[in-house]
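**Q** Show me the folded form of this:
(chains A and B, ligands or ions: 2)
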Amino acid sequence: MPELYPVKIHVNGTTYERRVEPRMHLADFLRHEIDLTGTHIGCEHGVCGACTVLVDGASVRSCLMLAVQTDGRSVDTVEGVAAADGTLNPVQAALSKHHGLQCGFCTPGIIMTITEMRKESGGRQWTEDEVRAALSGNLCRCTGYQGMVDAALEVLTPLNLGRD
Amino acid sequence: MTDNPFQSWMSKSVPRVEDDRLLQGRGKFLDDIRLDRLLMAAFVRSPVAHAILKKINLDAARALPGVRAVFSYNDLRPLLSLDRIPLALPSGAIRFDVDPPALAHEEICYVGEPIAVVIAETRAIAEDAVALVELEFDPLPVVMDPRDGVDKDAPKARLDCPDNLVARHVLKYGNGEAAFAAAAHRVKDCFRLNKGGGHSMEPRGIVARVDDDDLLTVWDSTQMPHRAKAILVNALGLSEEKVRVIAPDVGGGFGPKAVFHPEELVIPAVALKLRTPVKWAEDRFESFTATVQERVQIWDMEAAFDAEGKLLAIRGQLFHDHGAATPYGVALPYNAATNLIGPYALPAYDLEILMCLTNMVPACPTRGAGRPQGTFVMERLLDRAADELGLAREEIRQRNLIPLEQMPYTIPVIMRDGSTMTYDSGDYPECQRRVLEAAGWSEFDKRRDAARRDGRFLGIGLSNYVEGTGRGPFESASIRVGPSGKIMVSSGATAQGQGVKSMLAQISAGVLGMNPKDVHVVDGDTNATVLGLGAFASRQAVTAGNAIYLATRRVAEKARAMAAHMLEASADDLEIADGNIFVKGVPQLKVTLGDVSKALSGMPGYAIPGGMEPGLEAAVDFQPGPLTYTNGSHVAEVEVDPDTGAVKITRYVVVHDCGRMINPMMVEGQVLGGVVHGIGATLLEWMRYDDQGQPATVTYADYLLPTCDVVPRIEIHHMESPTPLNPLGVKGAAESGTIGAPAVIVSAIEDALRPLKIRIRDLPVTPARLRALIAAAQGKGAAP
Ligand code: FES
Ligand code: FES
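**A** Ligands and ions are numbered 1, 2, ... in the order given. As a prediction, the model looks like this:
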């Protein structure tokens, strides 16, 4: 058996301690070690963006980062976005309102990407071209992207940026 | 009660009932399924495109710690009742049986073909073991081109077939010979079309579990669970009540998941043998090589026109890459061939379809299912003729569009269900007129000329198409109101993101005057619905939608009759809303749907009041009859950079008619996704192989899908021509967006480069390919 390494990773505010193979990537850790299956794997080679999570607040393709690299760090996943009672946050609500999801497989990655865009926006209004450029690292085969662009534009207005 | 459901929830953009769970990461996709003692599978796959398999050595793989079992064909065969998986839908055109085996043995016919399966404690260990398997084989020559492949001197793609022509079909009506002899104008061209894969963001996958009482439960990321169950019952020699297939949340389908693949038999067979649950979750490399895809078509075509530009006849040959096995049938080239006709009056047609075995993964329908290719060919021929006759592109189309007065319009082609091809409703000339108006077509010349003065090359294109939707023979749906007043709906319809649950809930809720959120829907489970077909041919709103509409009306009728008895009122005076049945104008005189259900559930020994049949439920298998035809017109504007060959789509307008719309937001979602899939097929997506049959594009860095930044905002306008063929008046919408896209974009590119007289014949139009055409034209002396 390959050697196992101890890791301590904070996910959505909870600390998980596990012993993992060095080759296990973060997406597999989230999905198989701590049963947070909301983070999806669409390509496992860093292109589709379905596995996007935030590590210490910055977006990361969790299929390209090893679990051992996140030892001691904080990870945010889609499971931590809504309020504890299940009330959707503005990003989630806007995606539903604008029909920005169909099968929902790419959706967790989209939500985490838009979440990062909101953090980085500095309270300014985004243009459609900027939104499209920022979302261009997330593949979606169902929606044609328009609904998620509209959702992002809605939550990236100065008016909506403070709300969560 | 509202007899017309369109008056309440119907035709409204109601938010979907699916969204809440999916937005919170609480979906249950295939790889999210957790079971006790679950083992993981990985497949040993063919590394070459064609060879005789001489030896497999599994010893080292079996010896690896953590490996529980390894199966080759010889280990698996005793578990199966059949040698090959019976997949081919019947067709007189098929010449040889090339149904695939569960695992390859003796001869391997494409890269990625499954040869053996490793079952281990983790997927990582299973993959480690796969790397330890030794294969010995003698390579054979490969067939990669469907036209070369049907040549009599071509090597054989499969040694067990006498030649590569797996199927041949001639589509012919009218007197084409006479028409060509008398034609004032003829145009001739040859097109080579690549179409890539379905590329659902969730790859395929399967989990199988056997209970103590021998029930085999299979979770399958499939579009057609009932078909999967039928194949499993047959191939495993089990009885129907011992097999249950469930499609969990499915992350996109787009065609390939309608096909039953060998892995879907291997994993259940292995789970039965080991009596331990087993999961296989496809990785993306496997989905590039082993999941069926659409592939090469070569069209050698000629069209005849009279002096006014009216179509007289079309004739030619279609060479279709069938791949190495038959995963489905011959629907793909047949759809392409019939959809070529489109919304135009075509008096004579003669097409020979040659389906060629090749050493590539089997070909199957993907979104559009051959139709974009047929439409592309027709629209190119019309553009060629417009140039030849000196007519505007919209004018030659206008002269050939079927006028409204001639609807319904019959074409002497016999369809798979035995009916004659008939366009049921739609106003094709008006659809074109509206798209031209919405796009500002008539002012485009000014914009193009102004841009040209700035050294920019703009072009505009137009395409029209139809799509036969709602294929039968039937779909099932049932509704039950429990004594609690809760509404449960189930159907053989199966969702991969289309919003099937929302669609069924919205229709039921519409009839019962309720909120769709209060209707619980189960789809994609063979235990919830005995009969069902599932998702293909843009069919579920037509088939399952009408089934649940009729079933809910029956329940409403019965509820009113029972309530009339309970309230001592006349059923005609009763109305249903919000779960209550009340006397019109006297809402306090009421019973609830739950009360009615309770009364109809009976009490031990007492008669059911009113002498009615027990239960407040109804089930309908709706048989839609012939196809109902959706239609549309697209206009696209592009900017071409002649130095790089890059194409940017700057505007895209769709006028779409799918009859009555159940939920316009969801219809638009389908059209948008379809258009963008079509943009990918036109400009980006190209599954490439080397001349030895090795796939060369097996990551999303090599095989490009359309991303958010390369697609424009797409404007959609609706027409609603209800079909007379079903009670709701609805038609399908799921594939239609893809159909017009390749034709319209290529027309726009040619228009942008009009001074160079560029002729685009091959898809996709990559920058390198377009640059080569431009360079060749410039070499001839023309300047852009
Ligand atoms: S799964 Fe990580 S980018 Fe696709
Ligand atoms: S919603 Fe299906 S891939 Fe994006």
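**Q** where does chain A dip in pLDDT?
**A** Applying pLDDT under 70 to chain A flags the ranges A:1, A:159-164.
**Q** Could you identify the longest helix within it?
**A** Scanning chain A for the longest helix, with DSSP state H as the assignment, gives helix A:107-120.
**Q** Just the CA atoms of that one, as PDB, please.
**A** Output of helix A:107-120 as PDB, limited to C-alpha atoms (Å, rounded to 0.1, in the frame of the first residue of the first chain):
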ATOM      1  CA  THR A 107     -23.400  24.600 -11.800                       C
ATOM      2  CA  PRO A 108     -21.300  24.300  -8.600                       C
ATOM      3  CA  GLY A 109     -18.300  25.500 -10.500                       C
ATOM      4  CA  ILE A 110     -20.200  28.400 -12.000                       C
ATOM      5  CA  ILE A 111     -21.500  29.400  -8.500                       C
ATOM      6  CA  MET A 112     -18.000  29.300  -7.000                       C
ATOM      7  CA  THR A 113     -16.600  31.300 -10.000                       C
ATOM      8  CA  ILE A 114     -19.200  34.000  -9.700                       C
ATOM      9  CA  THR A 115     -18.700  34.100  -5.900                       C
ATOM     10  CA  GLU A 116     -15.000  34.900  -6.500                       C
ATOM     11  CA  MET A 117     -16.000  37.500  -9.100                       C
ATOM     12  CA  ARG A 118     -18.200  39.200  -6.500                       C
ATOM     13  CA  LYS A 119     -15.400  39.300  -4.000                       C
ATOM     14  CA  GLU A 120     -13.000  40.800  -6.500                       C
END
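**Q** Which elements pack onto the helix or strand just after that helix?
**A** As assigned by DSSP states H and E, the chain's next helix or strand after helix A:107-120 is helix A:128-134. When contacts are defined as 3 or more Cβ pairs under 8 Å, 6 or more residues apart in numbering or on different chains; DSSP states H and E, helix A:128-134 sits against helix A:107-120, helix A:146-155. (Glycine included, C-beta is placed from N, CA and C.)
**Q** for the longest one, packing partners?
**A** Read that as helix A:107-120. strand A:52-55, strand A:58-61, helix A:90-97, helix A:128-134, helix A:146-155, helix B:19-23.
**Q** for these, which one sits closest to ligand 1?
**A** strand A:58-61 (4.4 Å; Cβ to the nearest ligand atom).
**Q** And chain B, what are its domain boundaries?
**A** With domains defined by automatic domain parsing, chain B comprises B:19-27+B:472-622, B:405-470+B:626-784.
**Q** Out of these, which is closest to ligand 2?
**A** Taking the domains of chain B one by one with Cβ to the nearest ligand atom, domain B:19-27+B:472-622 is closest: 4.9 Å.
**Q** check contacts around residue 58.
**A** No chain was given, so I picked chain A. When contacts are counted by Cβ atoms under 8 Å, 6 or more residues apart in numbering or on different chains, residue A:58 touches residue A:116.
**Q** My question was about chain B, not that one.
**A** Counting by Cβ under 8 Å, 6+ apart, residue B:58 touches B:70, B:72, B:116, B:133.
**Q** In strands, which of these fall?
**A** B:70, B:72, B:116 (DSSP state E).
**Q** Can I get those in TSV including distance to ligand 1 and neighbour count?
**A** Listed next are the ones in strands among the contacts of residue B:58 as TSV, based on distance: Cβ to the nearest ligand atom, whole Å; neighbours: other Cβ atoms under 10 Å in any protein chain shown:
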residue	distance to ligand 1	neighbour count
B:70	28	25
B:72	31	19
B:116	27	26
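**Q** Quickly name whichever of those is closest to ligand 2.
**A** Distances from ligand 2 to the ones in strands among the contacts of residue B:58, taken by Cβ to the nearest ligand atom, are shortest for residue B:116, at 31.8 Å.
**Q** For that closest one, give its distance to residue B:133.
**A** With distances taken as Cβ to Cβ, to the nearest Å, residue B:116 is found 6 Å from residue B:133.
**Q** That's all I had, so thanks and see you.
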